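J.: mind looking at a prediction? Sequence and model below.
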Amino acid sequence: MTWEQRWHPLRREWVVVAAHRQNRPWNTEPLQRVVRALPEYVSDCYLCPGNQRVSGARNADYSGVFVFDNDHPCVSPDAPHELAPPGGIYQSRPARGVARVVCYTPRHDLSLAELELSSVVSLLETWQEQYRELGARPEVNHVLVFENRGEVVGVSNPHPHCQIYATNFVFKGMELELDAERDHRRETGRVLFQDILAAERADGRRWLVENDGAVAFLPYFARYAYDAIVAPKATYPSIAELSRKEVRELAAVLLELLVRFDNLWEMPFPYVLALHQAPTDGADYSYHHFHIQIHPPLRKPNLLKYLAGPEVGAGGFISDTSPEDKAAELRAVPALHYRQRR
Ligand SMILES: [Zn+2]
């Protein structure tokens with residue numbers, strides 16, 4: 001049994017690790033294992049090529065990566081500049097920006113983990129272009145790229161896609177991380193993320209995939225059972241600065257990690273994936289190390305990590321597993337996708 005607290009250096013908070021809790025009894029119905037074969041094209045899918053969306057716009061007859069403005073944006077370039085005063089001590093500000101959708105492939109039946117490496121490279125190049133283009137807009141101060149995968153994280157359409165929120169504000173979690181990195185640079189002169197990489201490399205138990213330019217690991221301070229980080233080895237504030245070679249290396253590591261996730265229980269592995277990139281407000285973020293964080297909500301094939309009393313009620317994470325054990329599981333599965341083996 002372990003009762004341990006681990007410091008999360010990017011969020012500057014403690015994570016409680018109580019790994020013996022993993023096998024406590026649960027009365028839950030198994031989650032639906034989505035193993036049905038999907039068709040390559042679905043006529044009423046709003047993401048498939050050539051189809052009409054609810055807004056009336058029609059998708060291009062695309063063959064690679066396809067980007068369009070979200071028909072239901074949570075931020076808008078048309079947000080009013082002047083808001084009515086909310087009264088008393090309350091404050092408000094406009095949520096301005098651009099929301100986009102990025103389809104990974106015309107194939108409705110695939111996922112990021114099942115794409116060819118060349119298609120993953122194209123996707124990462126699209127993320128580079130989008131960061132540059134949207135980040136150059138004067139009203140955009142941050143470009144958040146994220147993918148929600150799986151019904152348990154609220155995705156109704158399985159067509160592989162991600163979203164981009166280019167906003168006039170920086171989300172709180174990113175601010176926390178940037179503050180930690182900035183303070184670490186000031187106090188030590190070093191890049192915080194490089195110190196994390198050095199600690200993970202020295203320990204080795206949570207190290208998963210590596211090539212010349214990129215790595216994937218479950219960090220010491222993981223909050224979810226399979227919390228993973230994918231990163232280039234060199235420090236860049238955003239994905240836009242990576243060379244073609246580094247993009248290819250990052251794509252290869254990301255792809256292998258996602259294949260290992262799917263192979264773990266031979267089912268599509270749900271997750272929330274987010275790019276952690278520097279704001280685009282013109283300030284110096286040379287201390288920020290661009291990386292991708294992947295947060296899978298499952299602890300077992302039929303068991304969600306429920307966010308409850310400690311997490312929602314008090315804002316602190318209790319992890320029921322140790323990342324050392326979970327990394328060993330992921331290293332033991334094949335690196336070829338189970339659907340490609342059949
Ligand atoms: Zn589709």
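T.: The structure has been received and is ready for your questions. Note that the coordinates shown come from a computational prediction; the quantities given were computed from them, not determined experimentally. Numbering: from 1, shown residues only.

J.: contacts, neighbours, all on C-alpha from now
T.: Fine.

J.: quick check: residues of this protein near the ion?
T.: Residues of the chain lying close to the ion (Cα under 5 Å from the ion) are 45, 47-48, 108, 159.

J.: nearest to Glu4, of those?
T.: Ranked by distance to Glu4 (Cα to Cα), those are led by His159 at 40.3 Å.

J.: check contacts around the closest one.
T.: 45, 47-48, 103, 107-111 (Cα atoms under 8 Å, 6 or more residues apart in numbering).

J.: which element is the most centrally placed residue in the chain on?
T.: Nearest to the mean C-alpha position of the chain, counting by Cα atoms, centre = their mean, stands Leu273 at 1.6 Å. In the assignment (DSSP states H and E), Leu273 maps to strand 271-276.

J.: phi, psi of the closest residue to Arg201 other than its chain neighbours?
T.: Distances taken as Cα to Cα, 6 or more residues apart in numbering put Trp207 closest to Arg201, at 6.8 Å, once the chain neighbours are dropped. Backbone torsions for Trp207, taken as degrees, to the nearest 10, come to phi -80, psi 130.

J.: what about Trp207, distance to Ala99?
T.: Going from Trp207 to Ala99 by Cα to Cα, to the nearest Å gives 34 Å.

J.: for the residue of the chain positioned farthest from its centre, grab phi and psi.
T.: Relative to the mean C-alpha coordinate of the chain, counting by Cα atoms, centre = their mean, the farthest residue is Gly88 (37.7 Å). Backbone torsions for Gly88, taken as degrees, to the nearest 10, come to phi 60, psi -140.

J.: give me the pLDDT for it.
T.: At Gly88, the pLDDT value in this model is 92.

J.: give me the neighbour count for the residue in the stretch 201-342 of the chain positioned nearest to the ion.
T.: Closest to the ion within the stretch 201-342 of the chain is Pro268: 16.5 Å, counting by Cα to the ion. Residues within reach of Pro268, counting by other Cα atoms under 10 Å, total 20.

J.: doesn't it belong to a helix?
T.: No - counting by DSSP: H, G, I helix; E, B strand; the rest coil, Pro268 falls outside a helix, being coil.

J.: give me the below-cutoff pLDDT ranges for this structure.
T.: Across the chain, residues meeting the criterion (pLDDT under 70) sit at 1-2, 20-36.

J.: just the strands in it please.
T.: Using DSSP state E, the strands of the chain run over residues 4-8, 13-17, 66-69, 97-103, 142-149, 161-167, 207-210, 214-217, 228-232, 271-276, 291-295, 298-300, 303-304, 317-319.

J.: and those as JSON lines, adding distance to Pro39?
T.: As requested, the strands of the chain are exported to JSON lines (distance: least, Cα to Cα, whole Å):
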{"stretch": "strand 4-8", "distance to Pro39": "42"}
{"stretch": "strand 13-17", "distance to Pro39": "42"}
{"stretch": "strand 66-69", "distance to Pro39": "19"}
{"stretch": "strand 97-103", "distance to Pro39": "16"}
{"stretch": "strand 142-149", "distance to Pro39": "18"}
{"stretch": "strand 161-167", "distance to Pro39": "16"}
{"stretch": "strand 207-210", "distance to Pro39": "32"}
{"stretch": "strand 214-217", "distance to Pro39": "32"}
{"stretch": "strand 228-232", "distance to Pro39": "30"}
{"stretch": "strand 271-276", "distance to Pro39": "22"}
{"stretch": "strand 291-295", "distance to Pro39": "27"}
{"stretch": "strand 298-300", "distance to Pro39": "26"}
{"stretch": "strand 303-304", "distance to Pro39": "28"}
{"stretch": "strand 317-319", "distance to Pro39": "38"}
